[in-house]
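Novice: no FASTA, just this:
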């Protein structure tokens with residue numbers, strides 16, 4: 001199979017990039033999850049959402065990335081960047097990942113799996129994003145980038 005847009009492979013490593021936009025309601029206060037969504041709107045209840053109007057949700061990820069995320073022992077590096085600011089943290093894949101939600105991508109500290117879950121056991125949550133980055137993500141003109149890098153054994 002060919003590579004999908006935004007996917008690259010290097011020696012047991014798969015990298016995919018997903019662009020999104022900022023939103024005035026980004027609060028980045030949730031202590032257990034971080035989310036990016038294809039939806040254009042955001043309410044105050046969405047305090048884990050750090051970006052809207054994403055290119056795709058979990059279902060739109062490349063087959064190569066999905067396969068790597070489902071590999072036993074998969075290590076995941078996540079980078080969220082916007083306006084010259086960035087934040088990087090780690091998480092884990094899981095063989096039980098569904099990766100089938102069309103709108104959302106959620107990274108979790110817990111081991112909870114749903115169709116929206118990209119990775120589990122994360123070392124950070126939305127509340128851990130540096131406030132200068134959150135300030136950038138509050139601007140609807142800000143272009144953000146979610147970079148997902150998976151290393152497999």
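Specialist: Yep, it's here. These numbers come from a predicted model, not from an experiment.
Novice: Residue 119 reaches residue 108, doesn't it?
Specialist: Yes: Residue 119 is within contact range of residue 108, at 7.2 Å (criterion: CB atoms under 8 Å). In this view, the C-beta of every residue, glycine as well, is placed from N, C-alpha and C.
Novice: can you pull out the helices in the protein?
Specialist: For the chain, applying DSSP state H gives helices covering 63-69, 131-137.
Novice: one step back: which neighbours do residue 119 and residue 108 share?
Specialist: residue 91 (CB atoms under 8 Å, 6 or more residues apart in numbering).
Novice: Residue 53 is nearest to which of the helices of the chain?
Specialist: Counting by CB to CB, residue 53 lies closest to helix 131-137 out of these; the figure is 12.1 Å.
Novice: which stretches of this structure have low pLDDT?
Specialist: 1-11 (pLDDT under 70).
Novice: residues in contact with residue 129?
Specialist: Going by CB under 8 Å, 6+ apart, residue 129 touches 28, 34, 50, 80, 87, 137.
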